[in-house]
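**Student:** Quick one: sequence plus predicted model below, questions after.
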Amino acid sequence: MAGNGQGAPTDVPERIPPGQRLVHGWPVSHYGSVPRFRPQRWNLRVFGATASGDERQWLFDDLAALPHTTVVADLHCATGPTSTDHEWYGIPARAVLDLVPPAPEVSHVMAWAEYGYSANLRLSDFDTSETVLATHHNGEPLTAEHGFPLRLVVPHLYGYKSPKWLRAIEYLTEDRRGFWEERGYHNIGDPWREQRYSYQEKPGDGPDSG
Ligand SMILES: Nc1nc2c(c(=O)[nH]1)N[C@H]1C(S)=C(S)[C@@H](COP(=O)(O)O)O[C@H]1N2
Ligand SMILES: [Mo]
């Protein structure tokens, strides 16, 4: 497994969000078991409120022809561990939005993974230059336990907003809670504001908060 860089910037405290602890290496963290990749059955769907009204899907072999980018970022699990210097390579979220434009009234997206795992995001949190649908990590294909063949990475939010084994992006015209967001985790999940738990939500942070 690829190690993380352990250079000096890691020791700068401002790099670690409040209440987080720096871990070396890269822990594996998820609910349930690791799905097996079945190339013949795999697709990535973009559905919901698309501008055209049509849904779109890509097969695994179609992904290589899409735009690609590299993003280096840290990963903050809401239970405390922060691992640093992950180099992600994959399809920028903006490419998905360009290729399958959302309807004007789309405000949020739901990122869907195998086994029904999901994470909701404000469109503005999905639509950043750092948000990537990653196929590779530190130059190697993702390992099974870290999300092969595809995972969403939203580096500016807690890790539960970065589904491994990504299978679909759903465009939403109103907010709806994902898997952890309906089990007590914060609907927005900004680690710099320590938005860990749903009881911390302020009016407007979630579909039913405040
Ligand atoms: N499909 C799926 N993706 C998931 C999870 C999960 O349970 N299922 N857990 C999330 C959580 S809580 C974290 S912190 C990160 C951890 O990613 P890692 O195992 O690559 O470190 O994966 C996220 N993606
Ligand atoms: Mo997490």
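**Tutor:** Right, received. Where do you want to start? Ligands and ions are numbered 1, 2, ... in the order given.
**Student:** What's the local residue count around the closest residue to residue 95 other than its chain neighbours?
**Tutor:** Computed as C-beta to C-beta, 6 or more residues apart in numbering, the closest residue to residue 95 that is not its neighbour in sequence is residue 67, at 4.3 Å. Yep, even glycine has a C-beta here, placed from its N, CA and C like the rest. Neighbourhood size, residue 67 [other C-beta atoms under 10 Å]: 12.
**Student:** So for residue 67, what's the pLDDT?
**Tutor:** You'll see residue 67 listed with a pLDDT of 98.
**Student:** The one 3 residues further on too?
**Tutor:** For residue 70, the model assigns a pLDDT of 98.
**Student:** Quick check, the residue nearest to residue 95 in contact with residue 93.
**Tutor:** No: between residue 67 and residue 93 no contact is recorded; they are 10.7 Å apart, counting by C-beta atoms under 8 Å.
**Student:** pretty sure residue 160 is touching residue 189, no?
**Tutor:** Yes: contact criterion C-beta under 8 Å: residue 160 and residue 189 qualify, at 6.6 Å.
**Student:** who touches residue 112 in this structure?
**Tutor:** 118, 163, 166, 167, 168, 169, 170 (C-beta atoms under 8 Å, 6 or more residues apart in numbering).
**Student:** which residues touch the nearest residue to residue 105 once chain neighbours are set aside?
**Tutor:** What sits nearest to residue 105 in space, not counting adjacent residues and going by C-beta to C-beta, 6+ apart, is residue 173, at 4.7 Å. The contact partners of residue 173, by C-beta under 8 Å, 6+ apart, come to 49, 103, 105, 106, 107.
**Student:** do residue 191 as well
**Tutor:** Contact analysis of residue 191 by C-beta under 8 Å, 6+ apart lists 17, 18, 20, 76, 78, 156, 157, 158.
**Student:** swap the cut-off to 7 Å and go again
**Tutor:** If you count contacts by C-beta atoms under 7 Å, 6 or more residues apart in numbering, residue 191 has them with 17, 20, 76, 158.
**Student:** could you give the mean pLDDT of stretch 117-136?
**Tutor:** Mean predicted lDDT for stretch 117-136 stands at 98.
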